[in-house]
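Asker: sharing a model that was predicted from the sequence below.
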Amino acid sequence: MLLRVLGTAAGGGVPQWNCACPGCSGARAHPDRRRRHASLAVRADDDHWYLINATPDIADQIESTPALHPGPAARRTPVAGIALTDAELDHTLGIARLREADRIEVLATGPVRAALRDRAHLDDVLAPYISLEWRELNATPVPLGEGSDVEISAIPLSAKRPRYAAREAGGDQDSGKRSGKHRDDGPWVVAIRLHDRRTGGTLLYAPALAVWPEAFQEALADADVVLLDGTFWDDDEPRRSGFSTRTAHGMGHLPIDGPDGTAVRLAPLAARCLYTHLNNTNPLVDPAAPQHKQLAELGLAVASEGMEIDL
């Protein structure tokens with residue numbers, strides 16, 4: 001199983017177009033610090049690749065990855081489909097960017113597909129351009145493409161809805177909590193598990209992690225490589241940076257640092273653990289930040305864009 005990291009940034013990318021924070025300013029001054037929206041490409045077989053999440057940067061991500069380039073026929077593309085971890089705009093807007101194709105397969109959970117169909121009206125908008133062929137993504141492993149040795153399955157994480165799919169007005173829309181009645185109505189956010197039946201290699205991809213359920217912990221024990229939500233370094237980062245009145249937990253992301261942070265949970269694992277989905281305010285966007293050394297001492301690191309993982 002061959003994978004390629006296409007992007008490692010949270011919403012807005014680094015730099016974000018309307019932000020002059022130290023992280024964004026640093027990325028403008030040093031283009032090598034720029035980060036595209038978090039995404040991953042996995043080779044299903046010799047001729048087909050699937051993208052994990054379709055970001056606003058999808059065209060640039062494809063162009064920067066020779067294995068995803070079209071050919072040898074004029075309109076033949078190795079990009080066969082997309083698998084979605086959630087319904088957030090940062091992970092789905094790229095589907096529309098692929099409208100020049102005749103068809104594209106999209107793997108998603110029921111709630112995610114319903115949100116994109118009924119709230120975002122994606123099927124209606126794209127019907128004149130492209131055929132979206134939806135496939136259910138759930139806990140049962142299925143081949144990633146016909147005849148592929150790579151299996152894909154989903155591990156439910158939370159019922160955090162995107163803002164456009166809020167059940168009702170008001171309440172904390174980012175964290176999925178509403179005023180009044182609210183129920184956990186299915187896996188809106190999942191971790192994706194990729195397993196190669198031929199080699200035995202397993203990767204776990206969880207770019208949005210609001211909680212740490214037992215099923216996720218069990219999947220971690222079986223993984224060889226983990227790419228995990230690294231949106232915020234610590235819980236108070238959003239408030240300290242001045243762009244939000246909420247904490248990292250309040251925005252639906254477990255922080256990296258702290259007694260309940262993800263770093264101390266990942267450190268004991270045998271798997272290779274890499275952070276992705278970094279917000280522009282995260283000090284880790286600066287390669288010289290001391291937080292990198294702190295992670296290294298725990299055996300952890302930040303995923304780099306363009307890196308290949310062979311399992």
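Answerer: Nice, thanks for sending it over.

Asker: any regions of this structure where pLDDT drops low?
Answerer: 168-186 (pLDDT under 70).

Asker: contacting residues for the spatially most central residue of the chain?
Answerer: With distances taken as Cα atoms, centre = their mean, residue 207 lies nearest the centre of the chain, 4.0 Å away. Applying Cβ atoms under 8 Å, 6 or more residues apart in numbering, we find residue 207 in contact with 38, 53, 85, 91, 227-229, 276-277. Heads up, the C-betas are built off the backbone N, CA and C, glycines and all.

Asker: what do you get if the cut-off is 10 Å, keeping everything else the same?
Answerer: Contacts for residue 207 were tallied using Cβ atoms under 10 Å, 6 or more residues apart in numbering; they are 7-8, 10, 37-40, 52-53, 85-86, 88, 90-91, 189, 191-192, 227-231, 253, 275-277.

Asker: from those residues, which land in helices?
Answerer: 90-91 (DSSP state H).

Asker: filter the contacts of residue 207 to the buried ones?
Answerer: Buried subset of these (neighbour count, 16 or more other Cβ atoms under 10 Å): 7-8, 10, 37-40, 52-53, 85-86, 88, 90-91, 189, 191-192, 227-231, 253, 275-277.

Asker: for the stretch 1-150 of the chain, what spans make up the strands?
Answerer: 2-7, 39-43, 49-52, 79-83, 103-108, 131-136, 142-143, 150-158 (DSSP state E, counting those that start in this stretch).

Asker: which one of these lies nearest to residue 293?
Answerer: strand 2-7 (21.6 Å; Cβ to Cβ).

Asker: in its sheet, what does the closest one sit against?
Answerer: strand 39-43 (antiparallel), strand 308-310 (antiparallel) (DSSP bridges).

Asker: out of those strands, deepest packed?
Answerer: Mean neighbour count (mean count of other Cβ atoms under 10 Å) peaks for strand 39-43 among these, with a mean of 25.

Asker: ok, back up a step: in a markdown table, list the strands paired with strand 2-7 along with distance to residue 123.
Answerer: Shown next, in a markdown table, are these (distance: least, Cβ to Cβ, whole Å):
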| stretch | distance to residue 123 |
| --- | --- |
| strand 39-43 | 22 |
| strand 308-310 | 33 |
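
Asker: which one of these lies nearest to residue 141?
Answerer: strand 39-43 (13.9 Å).

Asker: put the alpha carbons of the closest one into PDB.
Answerer: Coordinates of each C-alpha in strand 39-43 appear next as PDB, following Å, rounded to 0.1, in the frame of the first residue of the first chain:
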ATOM      1  CA  SER A  39      -5.600  15.300   2.500                       C
ATOM      2  CA  LEU A  40      -4.100  11.900   1.600                       C
ATOM      3  CA  ALA A  41      -3.800   9.900  -1.500                       C
ATOM      4  CA  VAL A  42      -3.800   6.100  -1.500                       C
ATOM      5  CA  ARG A  43      -3.000   3.800  -4.400                       C
END
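
Asker: how many neighbours does the closest residue to residue 89 other than its chain neighbours have?
Answerer: Nearest residue to residue 89, sequence neighbours excluded (Cβ to Cβ, 6 or more residues apart in numbering): residue 162, at 6.5 Å. Other residues near residue 162 come to 23 when the count uses other Cβ atoms under 10 Å.
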